[in-house]
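Peer 1: have a look at this fold, sequence not included:
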């Protein structure tokens with residue numbers, strides 16, 4: 001009988017306790033300040049044109065010949081250095097090199113390099129706006145493809161700086 005009474009009391013407590021009002025005190029306070037990052041401009045908002053000239057040998061496109069530096073600027077208002085910034089290049093990659101922008105010739109791309117290494121399109125890299133990374137471009141041909149045909153070519157990409 002004692003065991004049955006103890007079990008009944010325990011059962012009543014289990015059924016009643018969840019229905020009792022819970023009490024809590026306010027012990028978390030949240031606050032902050034919203035700030036807007038200072039505006040920055042790449043190359044004063046102007047297009048960065050890189051002219052490889054009109055004398056590229058169709059048999060000399062090898063990812064080394066015709067290397068050129070991308071001359072660009074990044075101008076930010078004061079306090080930009082206090083923010084974490086990333087640089088990204090966006091464009092249509094070639095089917096044979098994810099660091100090369102597709103040109104209007106199917107077997108020709110323009111590879112981007114950052115610090116001498118392939119700069120994969122769409123991949124952000126952290127930068128210091130006061131010490132910009134060196135960017136370079138070089139024509140590349142699809143491996144194993146037929147020889148390139150003569151003629152003008154062009155490609156387009158977007159250089160983008162963002163705060164994180």
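Peer 2: Sure, I can see it. Because the structure is a prediction, the values reported are computed rather than measured.
Peer 1: show me the strands in the protein, by range?
Peer 2: In the chain, strands defined by DSSP state E lie at 40-42, 68-69, 74-76, 85-91, 100-102, 108-114, 117-118, 125-127, 135-141, 157-163, listed in chain order.
Peer 1: show me what the fourth one is packed up against.
Peer 2: Spelled out, that is strand 85-91. strand 100-102, strand 125-127, strand 157-163 (3 or more Cβ pairs under 8 Å, 6 or more residues apart in numbering; DSSP states H and E). Just so you know, the C-beta spots here come from the backbone N, C-alpha and C atoms, and that holds for glycine as well.
Peer 1: ok, which of those strands comes nearest residue 146?
Peer 2: Closest to residue 146 of the helices and strands packed on strand 85-91 is strand 100-102 (Cβ to Cβ; 17.0 Å).
Peer 1: need the winner for burial among the helices and strands packed on strand 85-91.
Peer 2: Comparing the helices and strands packed on strand 85-91 by mean neighbour count (mean count of other Cβ atoms under 10 Å), strand 100-102 ranks first with a mean of 24.
Peer 1: contacting residues around it?
Peer 2: Residues outside strand 100-102 that contact it (Cβ atoms under 8 Å, 6 or more residues apart in numbering): 89, 91-95, 109-112, 121, 140, 155-157.
Peer 1: hmm, 10 Å instead?
Peer 2: With contacts defined as Cβ atoms under 10 Å, 6 or more residues apart in numbering, strand 100-102 is touched by 63, 89-96, 108-112, 118-121, 137-142, 155-158.
Peer 1: that'll do, ta.
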